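1. okay, predicted coordinates and the sequence, questions at the end:
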Amino acid sequence: MKVVVVGGGVIGCATAYELAKAGCAVVLLERATPGAEASGAAAGMLAPLGESSAAGFRELAVASWRLYPAVVHELRERTGIDVEYVTRGTIYALATVHDVREAQSRAQWALGREFGIEAWDSGEVHAREPALSAKVSGAMFVRGDHWVNNQRLVVAYAQAAVAAGVALITGCGVSRLIVEDGHARAVVVADGERLDADVIVLAAGAWTAPLVASFGERLPVEPRRGQMIALAHVPPVLTHCVHGDEVYLVPRPSGELLVGATVERVGFQGAVTALGIAGLLSAAIELVPVLGGLPINRTWYGFRPWAPDNLPILGPWPGLEGLWIATAHFRNGILLAPITAKVMTEWILTGRPSLSLEDFLPDRFIMRREP
């Protein structure tokens, strides 16, 4: 089976890799370089309990989290790349006694036990992370929250894909899809060349909607700009990932502390703004006052692919043979990459994924589109 995967972010690279391992002849097209957009601009947090409360999403996220230790090992074995997999857990700062009691309740869940959820009072919080503000009166600690270096992860997936036989073509934008007789037959790249395939997988993130529009359909995927900051973090101020109401802080083994992230509906306006950076710094310093004295190493932004219900879009395009969608992972592309690659490969090759994915089908938007 010949497959063309459009988009060389973490979702596209991981899916191309799994398809190639399963015996497909895969061409992976990326308009820039792997991880140049949202995948490279993330913080790399693997925190499946901290996002959507939808049951389907949580099942997908936890399944992906469970795959990560084996994925990290496999990628290192195949590429030699250390993706800096850190397993020290996240401190979710709490401000009230009610919040702490709710954290104690969560610790009793079945998943709470698996993820090592603990409720900490003020004394324990400041014993574990002395740099936290005195305003933090308690915390929910999630030992199972992990994180990776997302830039290294994308490179590792891309290298593993090439080693598995994937033809990776960079600097190659796709202008449109060719649909003939109810079948997605080919993509047309920027120079007009037609690339035929048995299966086309659109994993182009925030740029997926124009590709769907090229054959007369609509998919409501939009960019959400996220701005971030890296502070110099040697010697380290924090040991754990710390999550507040308006900011998160991720200590990297490289000696940086990542501060993120804005969520802005500004289209494809590519800029780091004074307002965005000021808001992040203000929230970070309020949470950890000593950060005010750390140098800023760099700032950046990325465009996360967002759908109106905040859920990924996964699966076959209805009524059209050979076209598959894997996009709209929003702030969870790094977390969901292993499971997305796994279930998309199963679905494409056997017609049936190992998880129920009805919540994520493209149909949910296509059926509602206006005539």
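-> That came through fine.
2. report the buried residues of the longest helix belonging to the chain.
-> Counting residues, the longest helix found in the chain (DSSP state H) is helix 55-79. By neighbour count on 16 or more other Cβ atoms under 10 Å, the buried set for helix 55-79 is 56-57, 59-65, 67-68, 71-72, 74-75, 78-79. To be clear about C-beta, it is placed using only N, CA and C from the backbone, and glycine gets the same treatment.
3. repeat for stretch 26-39
-> Judged by neighbour count (16+ other Cβ under 10 Å), stretch 26-39 contains these buried residues: Val26, Val27, Leu28, Leu29, Glu30, Arg31, Pro34, Gly35, Ala36, Glu37, Ala38, Ser39.
4. any chance of the residues you listed in JSON lines, plus secondary structure?
-> Formatted as JSON lines, those follow (DSSP: H, G, I helix; E, B strand; the rest coil):
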{"residue": "Val26", "secondary structure": "strand"}
{"residue": "Val27", "secondary structure": "strand"}
{"residue": "Leu28", "secondary structure": "strand"}
{"residue": "Leu29", "secondary structure": "strand"}
{"residue": "Glu30", "secondary structure": "strand"}
{"residue": "Arg31", "secondary structure": "coil"}
{"residue": "Pro34", "secondary structure": "coil"}
{"residue": "Gly35", "secondary structure": "coil"}
{"residue": "Ala36", "secondary structure": "coil"}
{"residue": "Glu37", "secondary structure": "coil"}
{"residue": "Ala38", "secondary structure": "helix"}
{"residue": "Ser39", "secondary structure": "helix"}
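5. tell me which of the residues you listed is nearest to Ser133?
-> Ser133 lies nearest to Ala38 out of these, by Cβ to Cβ, at 30.6 Å.
6. which residue packs closest to the closest one, ignoring adjacent ones?
-> Distances taken as Cβ to Cβ, 6 or more residues apart in numbering place Gly302 nearest to Ala38, at 4.5 Å, with adjacent residues excluded.
7. secondary structure class for that neighbour?
-> Using three-state DSSP, the structure places Gly302 in strand.
8. wait, doesn't it sit right on Glu37?
-> Yes. With contact defined as Cβ atoms under 8 Å, Gly302 reaches Glu37; the gap is 5.8 Å.
9. re earlier: quick check: next helix or strand after the longest helix of the chain?
-> Proceeding N to C from helix 55-79, the next assigned helix or strand is strand 90-94, under DSSP states H and E.
10. how far off centre is that following strand?
-> From the chain centre to the centre of strand 90-94 is a distance of 21 Å (Cα atoms, centre = their mean, to the nearest Å).
11. now do it: everything it contacts.
-> With contact meaning Cβ atoms under 8 Å, 6 or more residues apart in numbering, strand 90-94 is reached by 45, 47, 50, 100, 103, 120, 125, 128-129, 132, 136-142, 145, 240-245, 287.
12. ok, now with 6 Å
-> 100, 136, 138-142, 145, 240-244 (Cβ atoms under 6 Å, 6 or more residues apart in numbering).
13. surely the residue nearest to Ala38 touches Ala41?
-> Yes. Gly302 is within contact range of Ala41, at 2.5 Å (criterion: Cβ atoms under 6 Å).
14. quick one, which of those two is more surrounded?
-> The residue with more neighbours, out of Gly302 and Ala41, is Gly302; 25 against 21, by other Cβ atoms under 10 Å.
15. OK, contacts around the more buried one?
-> Listed by Cβ under 6 Å, 6+ apart, the contact set of Gly302 reads Glu37, Ala38, Ala41, Gly226.
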